[in-house]
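Below: sequence and its predicted model.
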Amino acid sequence: MSENIVEQVRHHYATAALQVTASSGTSCCTSPEVPVDVFGSILYGVDEASELPAPALLASLGCGNPTAVAELHAGERVLDLGSGGGIDVLLSARRVGPTGFAYGLDMTPEMLDLARANAAEAGATNVEFLEGRIEEIPLPDASVDVVISNCVINLSVDKTSVLDEVHRVLTSGGRVAISDVVADDHLTPADRAERGSHVGCIAGALSRTEYLTGLAAAGFVDATVTFTHEVAPGMHGAIVRAVRA
């Protein structure tokens, strides 16, 4: 069952990348039960959008803007989980400057091709896009200062491994700044599935308490989950922050 979900997600993202390449555009998390105005490039500012190639905006249609809350500094190393068309990697690369570096990790070859093309068009040289799954991050221990992600962790079928891996690759004192869909605590997994599909970023979402408990179990401190906007009844776009002890 889990691998079936993984393949559904992979196919959905591959289709999204190919549609963007064909200039039609699609939302990675769009599903019939979720309004399109709660996901997408509308959540990025005009100034940020003007910095990027159009295909990057079309392909990165998550539930928030993690670079806006990550408070990136010059020289930092950043990892974006589920980097899609590369929008958050390219924005991060600009913020950390030539002495910093931004990695993007995605499991979909079609998205990686699109992201690399977007990076080339943007002239970004301090970026690298890696193929792999967020449950097994292909980077060494303590190799990045900040981990960001935009509406991707909810898609994982093994969130415990994701949070453990994020902790592993962060330096001591490194931080997490994630945008994700998060459920009210009273909603059961069945309730969440009634509100939307897994590939639509709804059915696989954690509750606020589940997120905080998972972060603490992985070794994070100072964790917070802040709701920003509702994407379905009892389901919210949220900002998740934490620090590696």
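Looks like it came in fine.

Just say helix, strand or coil for the closest residue to residue 131 other than its chain neighbours.
Nearest residue to residue 131 in three dimensions, chain neighbours excluded: residue 112, at 5.7 Å (CB to CB, 6 or more residues apart in numbering). C-beta here means a position set from N, CA and C on the backbone, and glycine is covered the same way. Here residue 112 is recorded as helix under DSSP: H, G, I helix; E, B strand; the rest coil.

Burial check on residue 112, number of neighbours?
Neighbours of residue 112 under the rule other CB atoms under 10 Å: 22.

just residue 139 next, same as before
Neighbours of residue 139 using other CB under 10 Å come to 17.

quick one: contacts for it?
Residue 139 makes contacts with 79, 103, 130, 169, as judged by CB atoms under 8 Å, 6 or more residues apart in numbering.

This structure: strands as residue ranges?
Secondary structure of the chain (DSSP state E): strands at 77-81, 101-106, 127-131, 144-150, 170-183, 206-207, 220-232, 235-244.

by contact count, what packs against the fifth one?
Just to be clear, that refers to strand 170-183. strand 144-150, strand 206-207, helix 208-218, strand 220-232, strand 235-244 (3 or more CB pairs under 8 Å, 6 or more residues apart in numbering; DSSP states H and E).

go with 6 Å
strand 144-150, strand 235-244 (3 or more CB pairs under 6 Å, 6 or more residues apart in numbering; DSSP states H and E).

Packed most tightly, which of those strands would that be?
When you average the neighbours per residue for each of the helices and strands packed on strand 170-183 (mean count of other CB atoms under 10 Å), strand 144-150 leads with a mean of 26.

Now the longest helix belonging to the chain - C-alpha only, CSV.
Criterion DSSP state H: the longest helix present in the chain is helix 2-21. C-alpha atoms of helix 2-21 as CSV (Å, rounded to 0.1, in the frame of the first residue of the first chain):
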residue,chain,number,x,y,z
SER,A,2,2.8,2.4,1.0
GLU,A,3,4.7,1.9,-2.3
ASN,A,4,1.5,2.4,-4.2
ILE,A,5,1.1,5.8,-2.6
VAL,A,6,4.8,6.6,-3.4
GLU,A,7,4.2,5.7,-7.1
GLN,A,8,1.0,7.8,-7.2
VAL,A,9,2.9,10.8,-5.9
ARG,A,10,5.8,10.2,-8.3
HIS,A,11,3.4,10.0,-11.2
HIS,A,12,1.5,13.1,-10.1
TYR,A,13,4.7,15.1,-9.9
ALA,A,14,6.1,13.8,-13.1
THR,A,15,2.9,14.8,-14.9
ALA,A,16,3.0,18.2,-13.3
ALA,A,17,6.6,18.7,-14.5
LEU,A,18,5.8,17.6,-18.0
GLN,A,19,2.7,19.9,-18.1
VAL,A,20,4.8,22.9,-17.0
THR,A,21,7.4,22.0,-19.7
